[in-house]
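Q: Sequence and predicted structure below; questions after.
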Amino acid sequence: MLTPPRTVVRRDGGLYALERALQRRGFRHVAGADEAGRGACAGPLVAAAAILPEGRRGEIDELADSKLLTPAARERVYDEVVARALAYAVVVIPAEEVDARGLHVCNLAAMRRALASLTTRPEYVLTDGFGVDGLDVPGLAVWKGDRVAACVAAASVLAKVTRDRIMVELDGRFPGYGFAEHKGYITAEHSAALRERGPCREHRFSYVNVAAVSGRDGQPPRARRPAAGAPDPVLPGEVGGRPDEPMERSGAPGGTVGVALGEQPRPPASVGEDVVMEGGVR
């Protein structure tokens, strides 16, 4: 029995080389999946999947890893992906579910759900960084996939723009944290707001820096979140705010920033690359 020839994709082949190679091997509909918000300690986790058409129609000007684009460029690329994609889907996982189920479990489940929601069934799946099990089609986890595969880059733009829009909306509901600027990632300003105000309902209480300022750092993740119906914190005397007191808090945040306790043990991690791109400190 003859073994089919190997497909070699050159590193300098460009953003579309991997998909074109797969399409030449018979996989016409190649889906990419990526997420946004994994490194944030507030706001939802957002995953997206996209299938771009073959040929020139699938080639989008400015398409790149979403973290390398300016906000204005991301918006332009987002519109182009929505207009041109054969299929796309976005899944939003709220902070409460991240706390309850764990970050990695939610990340895999969100990408799985996004891929399953595509109206065009993928024949091959490319994911960013790590594989997603439970799919009924072949797939490949690609290191820095959003920089080497167009469909993954498209998914990263869909996820990030969707999440950024959500964080801007949350900034209006929970003023004082700066969600519109840092998008829930750890910055000096965000850390200062957490110490001053305590966390709000959109923070992830399973993250050590949030748990430390909430006064709940000795409790398991499910118990850290405020009880259902508990008031949202506002600054005393805030104009238009309700006369509610901020959540109890104590001490300064620990040294490990933006790491889910459910994923311990691991050494103190530097803030992720996406955090740096949002203005955080590595």
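A: Arrived safely.

Q: do you know how far the residue nearest the centre of the chain is from Arg195?
A: By Cα atoms, centre = their mean, the chain has its centre lying nearest to Ala36, at 1.6 Å. Distance, Ala36 to Arg195, by Cβ to Cβ, to the nearest Å: 26 Å. For every residue, glycine as well, the C-beta is placed using N, CA and C.

Q: And for Tyr177?
A: 11 Å.

Q: Against which helices or strands is the helix or strand where Ala50 lies packed?
A: Using DSSP states H and E, Ala50 sits in strand 45-51. Contact analysis of strand 45-51 by 3 or more Cβ pairs under 8 Å, 6 or more residues apart in numbering; DSSP states H and E lists strand 30-36, strand 87-93, helix 103-116, helix 150-173 as its packing neighbours.

Q: Could you rerun that using 10 Å?
A: Applying 3 or more Cβ pairs under 10 Å, 6 or more residues apart in numbering; DSSP states H and E, one finds that strand 45-51 contacts strand 30-36, helix 71-84, strand 87-93, helix 95-101, helix 103-116, strand 124-128, helix 150-173.

Q: Kindly calculate the angle that it makes with strand 30-36.
A: 160 degrees (axes from the mean of the first three to the mean of the last three Cα atoms, to 10 degrees).

Q: Provide the strand pairings for strand 45-51, with the direction of each partner.
A: strand 30-36 (antiparallel), strand 87-93 (antiparallel) (DSSP bridges).

Q: Return the most buried member of those.
A: strand 30-36 (a mean of 30; mean count of other Cβ atoms under 10 Å).

Q: Now tabulate the helices and strands packed on strand 45-51 in TSV and tack on mean pLDDT.
A: What follows is the helices and strands packed on strand 45-51, written out as TSV (pLDDT from 0 to 100):
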stretch	mean pLDDT
strand 30-36	95
helix 71-84	95
strand 87-93	97
helix 95-101	94
helix 103-116	95
strand 124-128	93
helix 150-173	96
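
Q: can you list the ones you listed in CSV and add distance to Lys183?
A: Formatted as CSV, the helices and strands packed on strand 45-51 follow (distance: least, Cβ to Cβ, whole Å):
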stretch, distance to Lys183
strand 30-36, 9
helix 71-84, 10
strand 87-93, 14
helix 95-101, 13
helix 103-116, 17
strand 124-128, 18
helix 150-173, 4
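
Q: So which of those is the most surrounded?
A: Scoring these by mean neighbour count under mean count of other Cβ under 10 Å gives strand 30-36 as the most buried, with a mean of 30.

Q: to the chain's geometric centre, what's the distance from that one?
A: Taking the mean of its C-alpha atoms, strand 30-36 sits 11 Å from the chain's own mean (Cα atoms, centre = their mean, to the nearest Å).

Q: Just the CA atoms of it, as PDB, please.
A: Taking Å, rounded to 0.1, in the frame of the first residue of the first chain, the C-alpha atoms of strand 30-36 are listed here in PDB:
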ATOM      1  CA  VAL A  30     -11.200  24.300   7.400                       C
ATOM      2  CA  ALA A  31     -12.400  25.800  10.700                       C
ATOM      3  CA  GLY A  32     -10.300  27.800  13.100                       C
ATOM      4  CA  ALA A  33     -11.100  28.300  16.800                       C
ATOM      5  CA  ASP A  34      -9.700  30.700  19.400                       C
ATOM      6  CA  GLU A  35     -10.600  32.400  22.600                       C
ATOM      7  CA  ALA A  36     -10.300  35.800  24.200                       C
END
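
Q: just the angle between that strand and strand 124-128, please?
A: 20 degrees.

Q: excluding its backbone neighbours, what's nearest Ala110?
A: Ala47 (3.5 Å; Cβ to Cβ, 6 or more residues apart in numbering).

Q: if we can go back for a sec, any chance of the strands paired with strand 45-51 in TSV, with distance to Val152 too?
A: Converted to TSV, the strands paired with strand 45-51 look like this (distance: least, Cβ to Cβ, whole Å):
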stretch	distance to Val152
strand 30-36	4
strand 87-93	12
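
Q: Tyr177 and Arg195: which is more packed in?
A: Tyr177 (25 against 15; other Cβ atoms under 10 Å).
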